[in-house]
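Chemist: Could you work out the structure for the sequence below:
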Amino acid sequence: MLARIYRPAKNAMQSGRANTRQWVLDFEPRAPLKPDALMGWQTSTDPSRQVRMEFETREQAIAFARAHNIPHVVAEPREPKRIIKAYGDNFAFDRKEPWSH
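Modeler: Have a look, this model is predicted:
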């Protein structure tokens, strides 16, 4: 039972950084998903798929995994490259591409 410790990425539908500051510990699935015979939905017999714990810091998540002898892998978050833009750059004389409007 291997645990993943990571900080989730922001939702594509949001512009802010909400819900991305917590560190998450969840478990890798032991068994693949199977279609349900009645409804056709994806189901699993693995109860650890439902476990998702949130921690304030990465160190707290690692300490929890070590205290409970859970083998874990830490995925470092990738910070997005910030491109500083200003509205006046649209009208700059040395603009790299011509203005199309």
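
Chemist: gap between the most far-flung residue of the chain relative to its centre and Y87?
Modeler: Largest separation from the mean C-alpha position in the chain: F93, at 40.6 Å (Cα atoms, centre = their mean). Per Cβ to Cβ, to the nearest Å, F93 is found 15 Å from Y87. Using the backbone N, CA and C atoms, a C-beta is placed for each residue, glycine as well.

Chemist: Next: Q60.
Modeler: Counting by Cβ to Cβ, the gap from Q60 to Y87 is 42 Å.

Chemist: If you count surrounding residues, which of these two has more?
Modeler: The residue with more neighbours, out of Q60 and Y87, is Q60; 15 against 6, by other Cβ atoms under 10 Å.

Chemist: Would you mark the buried spots in the helix or strand where that one lies?
Modeler: In the assignment (DSSP states H and E), Q60 maps to helix 58-67. Neighbour-count burial for helix 58-67 flags 61-62, 64-65 (criterion: 16 or more other Cβ atoms under 10 Å).

Chemist: for stretch 69-84, same thing?
Modeler: H72.

Chemist: Please apply the same query to stretch 38-51.
Modeler: Buried residues in stretch 38-51 (16+ other Cβ under 10 Å): 46, 49.

Chemist: From the opening residue of that stretch to its closing one, how far?
Modeler: End-to-end distance for stretch 38-51: 25 Å, by Cα to Cα, to the nearest Å.

Chemist: Can you pull out the low-pLDDT segments for the protein?
Modeler: The model of the chain has pLDDT under 70 over residues 98-101.
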